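> Generate coordinates for the sequence data below:
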Amino acid sequence: MAVLCLGAGSAAAGTAAPKPPAVVPESELVPGVAPGPGRPWTLDTPDQVLPPKVYTPGAQEDAVEPKAAAPGTYDLVEYVPLSDAVSKVSCSKLTGPYQKQIEQWLGLKPDGRQSAADCKAVQKFQKRYGIKPAIGFAGPVTWYQMMLLSARKNPNAAKNCPVRSYRVACVDLNRQVTWVQQGSKVIYGPVQMRSGRKGYATRAGWHTVYWRHKNHWSTLYNSPMPYAQFFDGGQAFHAVYGSIYTTVGSWGCVNLKLGDAKKLWGVLKKGDKVYVWGHRTGT
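Numbers count the residues shown, from 1 in each chain. Have a look, this model is predicted:
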């Protein structure tokens, strides 16, 4: 009761607690740098919902390597408020959707409120890792870059991915990273990825790589799925010719950059196990 009275007295004296800042939702963010030919404004990755037709590719087909991605396709382009993008601000004053998490990661006061000091600290990180535009906005690309860095030393420190004597492809939806381990040794990754969107989440649990098709083409969406390795129905690891750093997820597949998908192709084999856990933000 005394606490309630003190609170009322403070409000009456004009010292009411400040209102929490309005957080800009991810759904309202746009790329902060105008896209080039390899990075359209909107890209919905064509992940097949239904299982593909399985067949054995001939030697001639397998000998063809998927085409290279256009320069700049995988640039780290942050999603920022439209007002910041249009005005080309030097340092954002707006609170981002990952404000508090990024403040904690950088060792700042985790109050979830953008400040001039916060902006400069985030901006410094963005410049160091080539995130554009480096305007200090606490967006998804900056946050997931931090998640990748945190995972590099020991991606399975939390022991979320089961340790087995055989190869296991680990898919961490929480941090949007994937790697392959055999026993406790990491033999691939971790690398960044993009998993399924709301309503089409990459399915959690144990799966098995049942079909690999280097030059797969989605007949459902009429688009390429290079280095496709299917592990659950129409869900597969595969490369995309577009940014994986979008606020909208895939149709269920685990999307990778072309170079990462090619390396994974050389690591996994038919019959290898895949373990998926967690959930992508917004799903």
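
> Contacts for stretch 122-131, please.
75-78, 91, 102, 106, 132, 134-138, 141-142, 145-146 (Cβ atoms under 8 Å, 6 or more residues apart in numbering). Every C-beta, even on glycine, is put in place using the N, C-alpha and C of the backbone.

> let's see 6 Å
Residues outside stretch 122-131 that contact it (Cβ atoms under 6 Å, 6 or more residues apart in numbering): 76, 78, 134, 136, 138, 141-142, 145.

> what do you get for stretch 158-178?
Contact with stretch 158-178 is made by 144, 147-148, 151, 179-182, 184, 189-190, 193, 195, 254, 272-280, as judged by Cβ under 6 Å, 6+ apart.

> for stretch 206-213, same thing?
54, 228-232, 268, 270, 272-275.

> at 8 Å instead, please
52, 54, 57, 169, 225, 228-232, 235, 265, 268-276.

> I'd like the average pLDDT over whichever strand or helix holds V141.
Here V141 sits within helix 140-152, counting by DSSP states H and E. Taken as a whole, helix 140-152 carries a mean pLDDT of 97.

> Mind listing what's buried along that helix?
By neighbour count on 16 or more other Cβ atoms under 10 Å, the buried set for helix 140-152 is 140-148, 151.

> Give me the buried positions along the strand ranked longest in the chain.
Secondary structure of the chain per DSSP state E: the longest strand is strand 223-232. Across strand 223-232, burial judged by 16+ other Cβ under 10 Å covers 224-232.

> what packs against it?
Packing contacts for strand 223-232, counted by 3 or more Cβ pairs under 8 Å, 6 or more residues apart in numbering; DSSP states H and E, involve strand 205-208, strand 211-218, strand 235-239, helix 258-267.

> one more time with 6 Å
On a contact count with 3 or more Cβ pairs under 6 Å, 6 or more residues apart in numbering; DSSP states H and E, strand 223-232 meets strand 211-218, strand 235-239, helix 258-267.

> Now that we have those, can you turn them into TSV and tack on mean neighbour count and distance to V30?
Formatted as TSV, those follow (neighbours: other Cβ atoms under 10 Å; distance: least, Cβ to Cβ, whole Å):
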stretch	mean neighbour count	distance to V30
strand 211-218	19	26
strand 235-239	27	24
helix 258-267	18	24
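
> Could you point out which of these sits nearest T95?
helix 258-267 (31.9 Å; Cβ to Cβ).

> contacts for that closest one?
With Cβ under 6 Å, 6+ apart as the criterion, helix 258-267 contacts 69, 180, 188, 191, 227, 237, 239.

> can you do 7 Å?
The contact list for helix 258-267 (Cβ atoms under 7 Å, 6 or more residues apart in numbering) reads 69, 180, 187-188, 191, 214, 226-227, 229, 237-239, 256.

> Could I get the full set of strands for this protein?
Using DSSP E, strands in the chain cover 29-31, 79-81, 167-172, 177-182, 185-192, 205-208, 211-218, 223-232, 235-239, 254-256, 273-277.

> With mean pLDDT and distance to D118 as extra columns, can I get these in TSV?
Below are the strands of the chain laid out as TSV (pLDDT from 0 to 100; distance: least, Cβ to Cβ, whole Å):
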stretch	mean pLDDT	distance to D118
strand 29-31	73	17
strand 79-81	96	15
strand 167-172	98	27
strand 177-182	98	25
strand 185-192	98	24
strand 205-208	97	38
strand 211-218	93	42
strand 223-232	94	39
strand 235-239	96	35
strand 254-256	97	30
strand 273-277	98	31
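
> Could you dump these into TSV and include distance to A16?
What follows is the strands of the chain, written out as TSV (distance: least, Cβ to Cβ, whole Å):
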stretch	distance to A16
strand 29-31	31
strand 79-81	28
strand 167-172	42
strand 177-182	43
strand 185-192	43
strand 205-208	49
strand 211-218	56
strand 223-232	53
strand 235-239	51
strand 254-256	47
strand 273-277	43
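
> which stretch among those comes nearest A22?
Closest approach to A22 among the strands of the chain is made by strand 79-81 (10.8 Å; Cβ to Cβ).

> strand partners of that closest one, parallel vs antiparallel please.
strand 29-31 (antiparallel) (DSSP bridges).

> Name the surrounding residues that touch the partner strand.
With Cβ under 7 Å, 6+ apart as the test, strand 29-31 has contacts from 41, 77, 79-82, 85, 139, 247.

> relative to strand 177-182, how tilted is the helix holding V141?
Comparing the axes of helix 140-152 and strand 177-182 via axes from the mean of the first three to the mean of the last three Cα atoms, to 10 degrees yields an angle of 20 degrees.
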